[in-house]
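[1] Predicted model and sequence follow; I will ask about them next.
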Amino acid sequence: MLVIWTAVCLVAIFSVAAPRGYSLTFLGDLTQCLLLVSVFIACLTNVSVSERPARFFWVLMALGFGLWLSAQMLWTYFEVFLRREVPNPFIGDVILFLHLVPMMGALAMQLHTHRGERSARLGVVDFVLLLVWWLYLYLFVVIPWQYVLFNEALYGRNFDLAYFIEHMVLLLITGVLWVRSTGDWRVLYGHLFGASVLYALGSVAAGIAIDFGRYYTGSLYDVPLVAAMAWFSGIALAARRLTLATDLPKESSEKNRGGWMAWLAMVTILSLPILAGWALFGSRAPIEVRSFRLLLTLATMMIMGVLLALKQYRLDKELASANQELREASLTDLLTGTRNRRFLTTTIEADVQHVIRFFSPNAGPRKPNRDLVFYFIDVDHFKEVNDQYGHEAGDQVLVEIARRISSAIRHSDALIRWGGEEFLVVSRYTNRHDADVLAARVLKTVGSEPFDLADGRSIRRTCSVGWAVFPWFVNEPEALHYEEVLRLADSALYQAKNAGRNQAIGMLPAIEEPILAMARNSADKNPTEPLQVRTVVTPGPSIPSKTASGEIAASAAMAAAAGIYQR
């Protein structure tokens with residue numbers, strides 16, 4: 001910075017003391033090129049050390065100063081290497097005009113607020129939209145007097161007007177951000193505003209002087225320009241040392257940014273027919289210029305329409321993705337990451353209807369693995385974990401149990417946290433005769449290995465399982481509602497807990513044909529006739545196999561507990 005400001009002082013001294021000539025021109029052009037190179041490099045350095053989306057901010061700033069540098073190098077080429085006056089109109093004027101647009105885009109990102117990935121992706125489209133509009137304005141106001149109907153005086157006057165408007169818009173954006181920000185962001189925006197004011201004054205004054213033939217490189221008109229370049233360099237170099245934390249909550253900042261960008265897009269779109277109407281009915285320009293402006297407006301409207309359609313497409317995709325995320329969140333248990341009871345109510349009807357269609361008389365030859373099996377899983381003595389080790393340890397154990405159960409079931413099965421330490425597995429596309437295999441796998445997965453707690457201790461816990469199949473009657477799948485099958489599975493779990501835990505008890509129909517009373521009451525979810533059930537007992541990993549008499553005793557106790565079921 002010492003070297004940079006020394007160069008600024010030398011330019012100021014030579015602009016007053018040195019006579020106009022090639023040496024002064026060489027010094028002025030070389031100094032401005034080197035200062036712009038320093039700003040460009042400082043911005044690129046910030047790109048490499050910044051985090052997203054700050055990288056995009058500095059990329060846009062580097063692009064803006066890079067365009068400014070390219071225009072200055074083209075100016076230097078004419079004056080230093082060709083040793084002749086820069087022509088007016090100047091081919092680099094469009095580059096000089098457009099270099100402020102990336103800076104506007106960088107400021108429009110409002111980095112002092114939170115900015116999500118969604119806003120970063122949409123910001124690219126917004127920037128292209130902004131660039132197209134400013135390019136359109138330049139082509140509409142300036143270019144007709146350069147290529148359609150050449151008029152040097154009108155070209156210079158219109159360029160100065162368009163460039164002045166562009167500077168005022170940049171100052172307005174920077175000033176608003178300066179007022180609305182706090183902390184180091186306020187410092188950064190304040191310096192950007194000051195440097196932009198200095199640059200606007202110098203560039204507009206130099207443009208007017210060019211039109212009157214009073215400007216030459218190295219004159220006093222260059223002093224505010226090189227001072228602004230030095231100021232910009234200092235801002236880019238000092239930015240990495242600032243604590244640039246966000247000021248607003250994420251929800252508030254995204255809302256403010258979305259409304260601001262929507263308003264800006266609306267203004268740009270509405271300006272096109274207004275300018276086209278003025279060109280046709282309000283302008284006194286020759287017919288050639290008016291025709292050019294009308295065709296330009298139509299072409300720009302098509303381009304901006306495509307960009308808006310692309311933006312809307314991205315917004316629709318983001319909305320669909322956000323809705324999907326909300327839906328997934330509403331169907332997911334926050335602690336364990338499993339599904340919740342709402343998921344069952346949302347999806348069970350589709351699963352049930354699929355099974356009923358398969359088992360209907362008109363379904364044709366039946367294939368295996370079409371049953372729906374409900375498994376209720378309850379962690380044994382889980383209250384002791386919370387009482388002895390705390391609820392945080394209990395949550396940790398629950399998460400690990402959910403992970404183990406998930407590893408024991410198939411991808412087509414659904415794991416649901418039913419409440420507390422109780423889970424429900426809805427096993428799809430399975431075979432009722434193999435239902436005990438999954439129950440045994442869950443018992444082994446949960447109870448065979450200890451659970452490691454955060455404090456280094458380990459505990460062992462087993463689980464109890466109760467299951468039942470749907471449809472209950474394969475010949476009449478609608479004879480028993482799925483909710484009744486869920487109650488059967490819950491009753492089986494209750495019996496497994498009473499019979500000593502660490503085991504699975506399943507329920508299957510003892511008689512495959514439903515009785516007449518059951519058929520008559522098929523619409524009733526609580527049939528009055530008793531069900532004939534057959535039980536399947538599966539021991540846990542640490543309990544030996546039960547005898548047949550043990551199965552009968554378990555079945556009798558289960559029937560007494562269920563009330564409406566009998567062996």
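    Perfect, I can see it now. All values derive from a computational prediction rather than experimental measurement. Residues are numbered from 1 along each chain as shown.
[2] excluding its backbone neighbours, what's nearest residue 231?
    Closest residue to residue 231 apart from its sequence neighbours, by Cβ to Cβ, 6 or more residues apart in numbering: residue 195 at 3.8 Å. (Each C-beta comes from the backbone N, C-alpha and C, glycine too.)
[3] Can you give me the neighbour number for that neighbour?
    20 (other Cβ atoms under 10 Å).
[4] where does the stretch 1-150 of the chain have low pLDDT?
    52-53, 112, 114-123 (pLDDT under 70).
[5] tell me the average confidence for the helix or strand harbouring residue 400?
    Assigned by DSSP states H and E, residue 400 belongs to helix 391-408. Mean per-residue pLDDT for helix 391-408: 94.
[6] do stretch 508-521 as well
    Stretch 508-521 comes out at a mean pLDDT of 63.
[7] Pretty sure the residue nearest to residue 231 sits against residue 236.
    No: between residue 195 and residue 236 there is no contact under Cβ atoms under 8 Å: 10.4 Å.
[8] What residues of the strand or helix carrying residue 537 count as buried?
    Residue 537 belongs to strand 531-539 when assigned by DSSP H and E. Residues 531-533, 535-539 are the ones in strand 531-539 that count as buried (16 or more other Cβ atoms under 10 Å).
[9] list the helices and strands it packs on?
    On a contact count with 3 or more Cβ pairs under 8 Å, 6 or more residues apart in numbering; DSSP states H and E, strand 531-539 meets helix 435-447, helix 482-498, strand 503-509, helix 548-562, strand 565-566.
[10] one step back: name the element the residue nearest to residue 231 belongs to?
    Short version, using DSSP H and E: residue 195 is in helix 183-211.
[11] same question, residue 159
    Under the criterion of DSSP H and E, residue 159 resides in helix 152-180.
[12] quick one: that helix to chain centroid distance?
    34 Å (Cα atoms, centre = their mean, to the nearest Å).
[13] got the angle for that helix vs helix 183-211?
    When axes from the mean of the first three to the mean of the last three Cα atoms, to 10 degrees is applied, the directions of helix 152-180 and helix 183-211 differ by 170 degrees.
[14] Now do the buried residues in stretch 16-35.
    Buried, per 16+ other Cβ under 10 Å, within stretch 16-35: 24-29, 31-33, 35.
[15] which other residues reach it?
    Stretch 16-35 is contacted from outside by 4, 7-8, 10-11, 14-15, 69, 72-73, 75-76, 79-80, 83, 216-220, 222, 225-226, 229-230, 233, using Cβ atoms under 8 Å, 6 or more residues apart in numbering.
[16] Pull the CA coordinates from that stretch and hand them back as PDB.
    C-alpha atoms of stretch 16-35 as PDB (Å, rounded to 0.1, in the frame of the first residue of the first chain):
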ATOM      1  CA  VAL A  16       0.900  19.500 -12.200                       C
ATOM      2  CA  ALA A  17       4.700  19.900 -12.900                       C
ATOM      3  CA  ALA A  18       5.300  18.000 -16.100                       C
ATOM      4  CA  PRO A  19       4.400  19.300 -19.500                       C
ATOM      5  CA  ARG A  20       2.100  17.400 -21.800                       C
ATOM      6  CA  GLY A  21       4.100  14.900 -23.900                       C
ATOM      7  CA  TYR A  22       4.900  11.200 -24.500                       C
ATOM      8  CA  SER A  23       6.800  10.800 -21.200                       C
ATOM      9  CA  LEU A  24       3.800  12.000 -19.200                       C
ATOM     10  CA  THR A  25       1.500   9.800 -21.200                       C
ATOM     11  CA  PHE A  26       3.700   6.800 -20.700                       C
ATOM     12  CA  LEU A  27       3.900   7.400 -17.000                       C
ATOM     13  CA  GLY A  28       0.200   7.900 -16.600                       C
ATOM     14  CA  ASP A  29      -0.800   4.800 -18.700                       C
ATOM     15  CA  LEU A  30       1.800   2.600 -17.000                       C
ATOM     16  CA  THR A  31       0.700   3.700 -13.500                       C
ATOM     17  CA  GLN A  32      -3.000   3.100 -14.200                       C
ATOM     18  CA  CYS A  33      -2.300  -0.400 -15.700                       C
ATOM     19  CA  LEU A  34      -0.100  -1.400 -12.700                       C
ATOM     20  CA  LEU A  35      -2.700  -0.100 -10.200                       C
END
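[17] How far does that stretch sit from its chain's centre?
    50 Å.
[18] thought residue 50 was touching residue 56?
    No: using Cβ under 8 Å, residue 50 is not in contact with residue 56; the gap is 9.1 Å.
[19] just the angle between the lengthiest helix in the chain and helix 152-180, please?
    Criterion DSSP state H: the longest helix present in the chain is helix 287-330. On the basis of the same axes, to 10 degrees, helix 287-330 is oriented at 20 degrees to helix 152-180.
[20] Does anything pack onto helix 287-330? Which helices or strands?
    Partner elements for helix 287-330 (3+ Cβ pairs under 8 Å, 6+ apart): helix 117-141, helix 250-277.
[21] now the residue lying closest to residue 292 once chain neighbours are set aside: how far from residue 289?
    Nearest residue to residue 292 in three dimensions, chain neighbours excluded: residue 148, at 4.9 Å (Cβ to Cβ, 6+ apart). In this view, residue 148 and residue 289 are 6 Å apart by Cβ to Cβ, to the nearest Å.
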